[in-house]
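>>> only geometry, no sequence info:
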C-alpha cells in the first residue's frame with residue numbers, strides 16, 4: 001500500500017488558500033445579490049413614482065378601509081418587510097378625487113366601504129365634500145358595502161347609487177361620547193393626580209381627577225355631538241332625499257338590526273346585491289360589453305396620475321398634525337407637531353422667495369403650551385413676510401388653536417373641533433404607592449422651606465399649589481392675549497368664549513374664532529388671493545423622506561405600539577397620555593374629546 005504524506009506547512013497553505021477563496025467568493029456573490037436587490041428596489045420605486053397612463057373609460061376604485069391621517073407615512077423599508085399598519089393619507093384621497101374629476105378618461109368612482117376609521121367627523125365631511133364636488137362634473141359614483149358603518153354610510157351617501165349585500169347591515173344609531181374616569185382606579189394603586197387649571201370648560205384632566213363629567217363639560221359635549229349629528233343628518237337628507245325627522249326616527253329604532261328589505265323601503269340604499277353583481281353594474285355605468293374588463297385605478301395608481309398644475313407662484317401647504325411637543329420623541333410611531341422642527345421649517349418657507357403664501361393644515365388637540373408658544377412666534381414671523389392661512393381639519397383646539405391664532409385667515413369645517421382656550425397642569429403624586437403600597441420610607445434634610453418641592457415622597461403643600469396655580473394662570477393670560485391679538489379683539493371679548501370651551505367650526509364662525517367655513521382648497525384659494533397671485537400651484541411640506549435617507553437613517557419603530565393603536569382606537573390617545581404623564585410638560589394646552597362614529 002502506497003501512502004502519500006504532505007508536509008504540514010503545505011497542508012495549512014492549501015487550507016488557507018481555499019478558505020480565502022471561498023470567503024471572497026461568498027462576499028462577491030453577496031455584493032452581486034445586494035446590488036441586484038437594491039437595483040430591483042430602486043426599479044420598483046421608480047416604476048411606482050413614474051407617471052401613470054390612464055386608459056379611456058376608466059374607474060377610480062376608492063377603498064374605504066384602514067385608518068386615515070392627514071398624510072400617509074413614508075416608510076419604504078417597512079413596506080418591503082410588510083410591517084406597516086394600514087394608514088391612508090387624507091391628502092392622497094382628496095388629491096385622487098380631484099384628479100379623477102379633472103381627467104376626462106376617468107368616468108366615475110367606485111367606493112368599496114369596509115372598516116374605516118377617519119378619527120374625527122370633520123375628516124369624514126372633508127372626504128364627502130370632495131365626492132359631492134366630483135359629481136358636479138357630471139360623473140357618477142357607485143358605492144357598495146357588506147356592512148356600512150355610520151361613518152362610511154355618511155361618506156357614501158354622496159354617491160349616485162348605494163348598494164348593500166343582501167344580508168348586510170347599515171349601522172345607524174346616532175352619536176355619543178363616553179368619557180371614562182380613572183381616579184378611583186389610580187387610588188387603588190396609591191396614586192393621586194394633583195391638578196392646576198384655568199377654564200371651567202377645560203375638561204381634559206377630568207379623566208384623572210374626577211368621577212364623572214362636570215356640568216360645564218356635559219354642556220359643551222352635548223352641544224358638540226348634537227351639532228355634529230345635525231350636520232350629518234342634513235347632508236344625508238340632501239343626498240338621499242330622506243327627511244331629517246325620518247333619519248332621527250331610524251336611529252331611535254336602531255335600524256342596524258332591521259330586515260334588509262326595510263333599507264330599500266327607507267331609501268337608505270338603492271339595491272341589495274352580492275359582490276359579484278357590482279361588476280355588471282359598473283359595466284352598465286361605463287356602457288361597455290359584459291365581456292370587457294373594467295379598467296381600474298387604485299389610490300396608489302392615482303398618486304402617479306399627472307395632475308393639472310397651474311403655473312405661477314407657489315402656495316405652500318404645510319401639514320401639522322398630532323400632539324404638540326417641544327421635540328420629536330424617540331418612538332416614531334405617531335405623528336407629532338414638534339416645535340423645534342416646525343419652527344425651522346416655517347423659517348425656511350419665510351425665506352423662500354418662490355413661496356408666495358403658506359397654508360398651514362392643522363389637525364391636533366394640542367399639547368405642550370410652551371411648544372405652542374414657540375410655534376405661535378414662528379407663525380407670526382412668517383406672517384410678517386407673506387400671507388398665512390390656517391386650514392383646520394378634524395381638530396384645531398387648545399394648543400393647536402394657540403399656534404393658529406396669528407394667521408391672516410382661518411378656515412374650518414362646520415364640524416371641526418376648535419377653541420378650547422385654556423391651560424392645565426397635571427402633577428402625579430406617587431407617595432401613596434411608594435409608602436403605603438410598597439412600604440418605602442422617606443426622611444428629609446433641606447436648606448430652605450421649599451427645597452423638597454417636586455419630590456415623590458409627598459404631595460404638594462397648599463402653598464406649593466398656590467405657586468403652581470399662579471404659574472398656570474400666567475400661561476392662560478398669555479394664551480388669551482395671543483388669541484386676542486391674532487383675532488383683533490380685546491381680551492374681555494376672548495374671555496367670553498375662552499375658559500377651555502370647545503366649539504364646533506360652525507359656532508366658531510359666529511363667535512369670531514374662525515373666518516370661513518370650507519375645505520383646504522378654499523384655504524389655498526384664499527391664500528393665493530391674499531398674495532395677489534392669479535396663477536398658482538401648491539406644494540406640500542414637510543417634504544417626504546426619500547428612499548436613500550430612509551435606508552441609512554437611524555429611525556426607531558415600535559410595531560407593538562402601532563398594533564396597540566389599531567386595537568384601542570379612540571382610547572389610544574388618553575392611554576398614551578396616562579402612560580407618559582410624568583414625562584409631559586408641566587403646562588398643557590390640550591383637548592380630549594371622543595365621538596363614537598363607528
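Cool, got the structure. Nothing here was measured: the structure is a model prediction, and the numbers come from that model. Numbers count the residues shown, from 1 in each chain.
>>> for the stretch 251-400 of the chain, which spans come out with low pLDDT?
The stretch 251-400 of the chain contains residues with pLDDT under 70 at 308-310, 330-334.
>>> quick one: contacts for residue 318?
The contact partners of residue 318, taken as Cβ atoms under 8 Å, 6 or more residues apart in numbering, are 342, 345-346, 349, 358-361, 540-542. All C-beta spots, glycine's among them, are computed from the backbone N, C-alpha and C.
>>> Quick check, residue 99 in contact with residue 305.
Yes - using Cβ atoms under 8 Å, residue 99 is in contact with residue 305, at 5.1 Å.
>>> closest to residue 299 among the contacts of residue 318?
Among the contacts of residue 318, residue 540 lies closest to residue 299 (Cβ to Cβ), at 16.3 Å.
>>> partners of that closest one in the sheet?
Beta-bridge pairing for residue 540 (DSSP bridges): residue 317.
>>> I'd say it and residue 317 touch.
Yes - contact between residue 540 and residue 317 holds when scored by Cβ under 8 Å: they sit 5.1 Å apart.
>>> Of the two, which one has the most company?
Taking other Cβ atoms under 10 Å, residue 540 and residue 317 do not tie; residue 317 has more neighbours (21 against 15).
>>> Kindly state the pLDDT recorded for residue 443?
As predicted, residue 443 sits at a pLDDT of 89.
>>> Nearest residue to the most centrally placed residue in the chain in space, please, no chain neighbours.
The residue lying closest to the centre of the chain (Cα atoms, centre = their mean) is residue 69, at 3.4 Å. Take residue 69 and drop its neighbours on the chain: the residue closest to it by Cβ to Cβ, 6 or more residues apart in numbering is residue 87, 5.8 Å away.
>>> The contacts of residue 318 in strands, which ones?
Cross-referencing the contacts of residue 318 against strands under DSSP state E gives 358-361, 540-541.
>>> Separate out the buried members of those residues.
In those, burial by neighbour count holds for 358-361, 541, counting by 16 or more other Cβ atoms under 10 Å.
>>> Okay, strands next: where are they in the stretch 201-350 of the chain?
Secondary structure of the stretch 201-350 of the chain (DSSP state E, counting those that start in this stretch): strands at 271-272, 295-297, 313-321, 323-325, 336-338.
>>> Describe which strands the last one pairs with in its sheet and in which direction.
In the sheet, strand 336-338 lines up against strand 323-325 (parallel) (DSSP bridges).
>>> Count the residues that sit near residue 444.
Applying other Cβ under 10 Å, we find 9 residues neighbouring residue 444.
>>> whoops, I mixed them up, residue 267
Neighbours of residue 267 (other Cβ under 10 Å): 12.
>>> Correct me if wrong: it contacts residue 242.
Yes - with contact defined as Cβ under 8 Å, residue 267 counts as touching residue 242 (5.4 Å).
>>> tell me which element residue 195 falls in.
Element membership for residue 195 (DSSP states H and E) is strand 192-198.
>>> next one: residue 381
Per DSSP H and E: helix 369-383 holds residue 381.
>>> after that helix, next one along is what?
strand 388-397.
>>> Can you pull out the low-pLDDT segments for this structure?
Low-confidence segments of the chain (pLDDT under 70): 1-51, 74-86, 308-310, 330-334, 545-586, 593-598.
>>> Please parse it into its domains.
54-72+83-173+254-308, 313-545+552-590 (automatic domain parsing).
>>> CSV for those domains, including distance to residue 232?
Listed next are the domains of the chain as CSV, based on distance: least, Cβ to Cβ, whole Å:
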stretch, distance to residue 232
domain 54-72+83-173+254-308, 6
domain 313-545+552-590, 8
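>>> Please report how far the closest residue to residue 346 other than its chain neighbours lies from residue 429.
Leaving aside its chain neighbours, residue 346 sits nearest to residue 378 (4.4 Å; criterion: Cβ to Cβ, 6+ apart). Distance of residue 378 to residue 429, computed by Cβ to Cβ, to the nearest Å: 36 Å.
>>> Between those two, tell me which one has more neighbours.
Comparing residue 378 with residue 429 by other Cβ under 10 Å, the one with more neighbours is residue 378, at 20 against 17.
>>> close enough to count as contact, the more buried one and residue 338?
No - contact status for residue 378 versus residue 338: not in contact, 11.9 Å apart, counting by Cβ under 8 Å.
>>> tell me the angle of the host helix or strand of residue 478 relative to strand 388-397?
Assigned by DSSP H and E, residue 478 falls within helix 462-487. With axes from the mean of the first three to the mean of the last three Cα atoms, to 10 degrees applied, the angle from helix 462-487 to strand 388-397 works out at 140 degrees.
>>> picking up where we left off before, what sits in contact with each of residue 267 and residue 242?
With Cβ under 8 Å, 6+ apart as the test, residue 267 and residue 242 reach no residue in common.
>>> before we move on, the earlier item: just give me the closest of the buried ones among the ones in strands among the contacts of residue 318 to residue 150.
Nearest to residue 150 among those, with distances taken as Cβ to Cβ, is residue 361, at 25.5 Å.
>>> Residue 326 versus that closest one, what's the distance?
The spacing between residue 361 and residue 326, counted by Cβ to Cβ, is 21 Å.
>>> Strands of the stretch 51-200 of the chain, start to end?
58-69, 87-89, 106-117, 140-148, 161-170, 192-198.
>>> Pick the most buried one from those.
Neighbour counts (mean count of other Cβ atoms under 10 Å) averaged over each of these peak at strand 140-148, with a mean of 23.
>>> Given that one, what are its sheet partners and their directions?
Checking strand 140-148 against DSSP bridges gives partners strand 106-117 (parallel), strand 161-170 (parallel).
>>> quick one, it and strand 58-69 angle?
For strand 140-148 against strand 58-69, the angle by the same axes, to 10 degrees is 50 degrees.
>>> Could you report the neighbour count for residue 502?
Residue 502 is flanked by 29 other residues according to other Cβ under 10 Å.
>>> Please report phi then psi for it.
phi -90, psi 130 (degrees, to the nearest 10).
>>> contacting residues around the spatially closest residue to it that is not a sequence neighbour?
Using Cβ to Cβ, 6+ apart and skipping the chain neighbours, the partner closest in space to residue 502 is residue 420 (4.7 Å). Residues near residue 420 by Cβ under 8 Å, 6+ apart: 201-202, 365-366, 397-398, 401, 500-502, 589, 591.
>>> which ones are touching the nearest residue to residue 278 once chain neighbours are set aside?
Sequence neighbours aside, residue 144 is the residue nearest to residue 278 in space, at 5.2 Å (criterion: Cβ to Cβ, 6+ apart). If you count contacts by Cβ under 8 Å, 6+ apart, residue 144 has them with 110-113, 162-164, 273, 275, 278.
>>> in what helix or strand does residue 367 lie?
Going by DSSP H and E, residue 367 is part of strand 366-368.
>>> Can you list the buried residues in that strand?
Under 16+ other Cβ under 10 Å, the buried positions of strand 366-368 are 366-368.
>>> Determine how far that strand lies from the middle of the whole chain.
Distance of strand 366-368 from its chain centroid, counting by Cα atoms, centre = their mean, to the nearest Å, is 15 Å.
>>> what does stretch 462-472 give?
Averaging C-alpha positions (Cα atoms, centre = their mean) puts stretch 462-472 35 Å from its chain's average.
>>> Kindly report the same for stretch 353-365.
16 Å.
>>> And residue 273, its phi and psi?
Dihedral pair for residue 273: phi -140, psi 160, per degrees, to the nearest 10.
>>> With that, I have no additional questions.
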